[in-house]
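1. Provide a 3D model corresponding to the input given below.
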Amino acid sequence: MWDPLISPDLEPKYLALVNALDRDIRTGVLPPGTRLPTQRELARRLGVAVGTVSRAYDMAERQGLLSGEVGRGTFVRRREWAAQEGANDEGDDPALLDLSKSRLVRDPSDPTLRRALEAISRRPDLDRLVDFYQPAAGMARHRTAGAGWIGRTGPAVEPERVVITSGAQHGAAIVLATIARPGDLILTEEVTYAGIKALAGLLHLQLRGLELDEHGLRPDAFEHACRSSAPRALFCMPNLQNPTGRTMPLVRRREIAAIAESHDVTVVEDDVNGFLSSDPKPSLAQLAPAHTYYVTGTSKSLAPGLRIGYVVPPAQHVDRVAAAIRASTWLTSPLLAELVTEWIASGEADEMVEWKRSETTVRYQLAREVLAPWLPSGPVSFHLWLPIPEPWRTEAFVAQARARGVLVTPSQEFMVGRESAPHAVRVCLGGTLSRPRLEEGLRRLAMLLAQGPEPVLAVY
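-> Predicted coordinates for the structure are as follows:
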């Protein structure tokens, strides 16, 4: 008889039950082939509604944890994990615990992708997705699905304002190519998403980093930059900023939006991590709609290989963004956009996000427990900004962590300009690692922090 240990603090209850199933399957409490209690029996023992157990079993089956057999019951599935209990990226060393990649992948045994592909393959109009040129901004039903997806945690927008892109990185590139010219100044946070640095180099744009505090970009720094120079745009991440994980409170967002409007500065708002918030705050696109290009994508929320993103320009600039897509890629793959649309329409995209929120919460709490003496407080995120205490230097910490089989990303990778980088590293909690291997990596980092750097003998 299985008696799941369910955290009383985790809501909703069906997600707590899914977490308990996942934990007990991974730890061997529930071996493959175990027959689970009936939904009614388990609901009675836990004191919950039968519908709660039914929803948990259904979600666990979608994640590949369980299989139901008509007339026999519900059983634990055998889970075939790839090397090191996760599907490594091509070229990865399986001996390394990689905490450098900012994402959370799906369980490889999750049948959601296979079901969606099978559903699409049965469509009578399947050939239209590959044999015809579609509008540069995307097919109407894909833009409608995108508008609904964005509205779950971001601004409520009409489908006509949504432009489909080949991922959020492509979306940011298209926006910058639309609004800026070589030599233009783009403001960012002083430590920022490394991808925007790559785009600035590609498009020959100048970047200037602005100071951060515990609430994100400082309004006084933004105001001063607007008065002392002529910035073309501000690129920022109000939600779970990469790499610091900081989230702007509403008051801060209003200040940033007001400054952008008063100085007529365009804002490029990257919200790829916003889906993790269960209590989303108004976006800059909602507070300054005429000045903000909202960019998001499905790589973090659904799967990195999908490469489907969404851009919401100010209403008067939709055609300009669509023209930039036509000039660069002509259009975004309708087949991939159809796959994302299928997931959104079926509700499976929402279930993936619920699972990622739940899994991220568990992993974040684990990191807070292991790294408690060194980790500042912050919102739940799948990447952490870990300050490196004296006498450590960032370069030495990263090198010695790698020598112990753990990869983390040094602060220099995110620094804008030639200012001294803070002594810190980004630690990612997702990647392809199982929870036990994640914990092992975190404990190796904690051991390094506790013991201090190894002495280095200089040779003259």
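
2. where does the stretch 51-200 of the chain have low pLDDT?
-> Along the stretch 51-200 of the chain, the model assigns pLDDT under 70 to residues 63, 78-95, 107-109.

3. Report pLDDT for the residue nearest to the spatial centre of the chain.
-> Residue closest to the mean C-alpha point of the chain, counted by Cα atoms, centre = their mean, is K300 at 3.4 Å. As predicted, K300 sits at a pLDDT of 92.

4. go on, P280?
-> For P280, the pLDDT comes out at 91.

5. quick one: contacts for the nearest residue to it once chain neighbours are set aside?
-> Leaving aside its chain neighbours, P280 sits nearest to T153 (4.2 Å; criterion: Cβ to Cβ, 6 or more residues apart in numbering). Every residue, glycine included, has its C-beta placed from N, CA and C. Listed by Cβ atoms under 8 Å, 6 or more residues apart in numbering, the contact set of T153 reads 271, 274-275, 277, 280.

6. so which helix or strand takes in T153?
-> For T153, there is no enclosing helix or strand under DSSP states H and E.

7. cool, Y294 as well?
-> Y294 is part of strand 292-297, with elements assigned from DSSP H and E.

8. List the strands paired with that strand, with their directions.
-> strand 266-270 (parallel), strand 309-312 (antiparallel) (DSSP bridges).

9. List the buried residues in it.
-> Across strand 292-297, burial judged by 16 or more other Cβ atoms under 10 Å covers 292-297.

10. And the average pLDDT for that strand is what?
-> pLDDT averaged over strand 292-297 gives 98.

11. So what touches that strand?
-> Outside strand 292-297, the residues touching it (Cβ under 8 Å, 6+ apart) are 150, 154-155, 157, 165, 167-169, 171-172, 175, 179, 257, 260, 266-272, 274, 283-285, 308-314, 317, 321.

12. Mind giving me the ChimeraX select for these, buried ones only?
-> Command for ChimeraX that selects the buried part of the contacts of strand 292-297, burial taken from 16+ other Cβ under 10 Å:
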select :150,154,155,157,165,167,168,169,171,172,175,179,257,260,266,267,268,269,270,271,272,274,283,284,285,308,309,310,311,312,313,314,317,321
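
13. Sort out for me which of the contacts of strand 292-297 are in strands.
-> If you go by DSSP state E, these have 165, 266-270, 309-312 in strands.

14. want to throw those residues into JSON lines with distance to T394?
-> JSON lines is the format used below for the ones in strands among the contacts of strand 292-297 (distance: Cβ to Cβ, whole Å):
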{"residue": "T165", "distance to T394": "34"}
{"residue": "T266", "distance to T394": "33"}
{"residue": "V267", "distance to T394": "31"}
{"residue": "V268", "distance to T394": "28"}
{"residue": "E269", "distance to T394": "29"}
{"residue": "D270", "distance to T394": "25"}
{"residue": "G309", "distance to T394": "32"}
{"residue": "Y310", "distance to T394": "35"}
{"residue": "V311", "distance to T394": "34"}
{"residue": "V312", "distance to T394": "37"}
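
15. For the residue nearest to P280, give me phi and psi.
-> When read as degrees, to the nearest 10, the backbone of T153 gives phi -130, psi -10.

16. ok, back up a step: any idea which of the strands paired with strand 292-297 gets closest to L384?
-> strand 266-270 (18.7 Å; Cβ to Cβ).

17. possible to save the strands paired with strand 292-297 as JSON lines with mean pLDDT and distance to V53?
-> JSON lines is the format used below for the strands paired with strand 292-297 (pLDDT from 0 to 100; distance: least, Cβ to Cβ, whole Å):
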{"stretch": "strand 266-270", "mean pLDDT": "98", "distance to V53": "39"}
{"stretch": "strand 309-312", "mean pLDDT": "98", "distance to V53": "35"}
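
18. Quick one: closest of those strands to G73.
-> Nearest to G73, of the strands paired with strand 292-297 and by Cβ to Cβ, is strand 309-312 at 41.8 Å.

19. Which residue ranges make up each domain of this protein?
-> The record's domain parsing of the chain by automatic domain parsing lists 13-79, 97-102+349-451, 117-346.

20. closest one to P4 among the ones you listed?
-> Among the domains of the chain, if distance is taken as Cβ to Cβ, the winner is domain 13-79, at 3.9 Å.

21. helix or strand for D220, which one?
-> Per DSSP H and E: helix 219-228 holds D220.

22. That helix packs against which elements?
-> Secondary-structure packing of helix 219-228 (3 or more Cβ pairs under 8 Å, 6 or more residues apart in numbering; DSSP states H and E): strand 206-210, helix 250-263.

23. For the residue nearest to P280, give its distance to V50.
-> 30 Å (Cβ to Cβ, to the nearest Å).

24. Spell out, range by range, the strands that occur in the stretch 51-200 of the chain.
-> 66-69, 73-76, 97-98, 163-165, 185-189 (DSSP state E, counting those that start in this stretch).

25. With G28 as the reference, name the closest of those strands.
-> Per Cβ to Cβ, nearest to G28 of those: strand 73-76, 10.6 Å.

26. hmm, back to that, so which of the helices and strands packed on helix 219-228 gets nearest A396?
-> Nearest to A396, of all the helices and strands packed on helix 219-228, is strand 206-210, at 24.2 Å by Cβ to Cβ.

27. Mind checking what helix or strand follows that closest one in sequence?
-> Assigned by DSSP H and E, the successor of strand 206-210 is strand 212-213.

28. Restricting to C-alpha, output the longest helix along the chain in CSV.
-> Counting by DSSP state H, the longest helix found in the chain is helix 348-370. Coordinates of each C-alpha in helix 348-370 appear next as CSV, following Å, rounded to 0.1, in the frame of the first residue of the first chain:
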residue,chain,number,x,y,z
GLU,A,348,-0.8,20.2,-22.7
ALA,A,349,1.4,23.4,-22.9
ASP,A,350,-0.3,24.6,-19.6
GLU,A,351,0.5,21.2,-18.0
MET,A,352,4.1,21.5,-19.1
VAL,A,353,4.3,24.9,-17.5
GLU,A,354,2.7,23.7,-14.3
TRP,A,355,5.2,20.8,-14.1
LYS,A,356,8.1,23.2,-14.7
ARG,A,357,6.9,25.6,-12.0
SER,A,358,6.5,22.8,-9.6
GLU,A,359,9.9,21.2,-10.5
THR,A,360,11.6,24.5,-10.3
THR,A,361,10.2,25.2,-6.9
VAL,A,362,11.5,21.9,-5.6
ARG,A,363,15.0,22.4,-7.1
TYR,A,364,15.2,26.0,-5.9
GLN,A,365,14.3,24.9,-2.3
LEU,A,366,17.0,22.3,-2.6
ALA,A,367,19.5,24.9,-3.7
ARG,A,368,18.5,27.2,-0.8
GLU,A,369,19.0,24.4,1.6
VAL,A,370,22.5,23.3,0.3
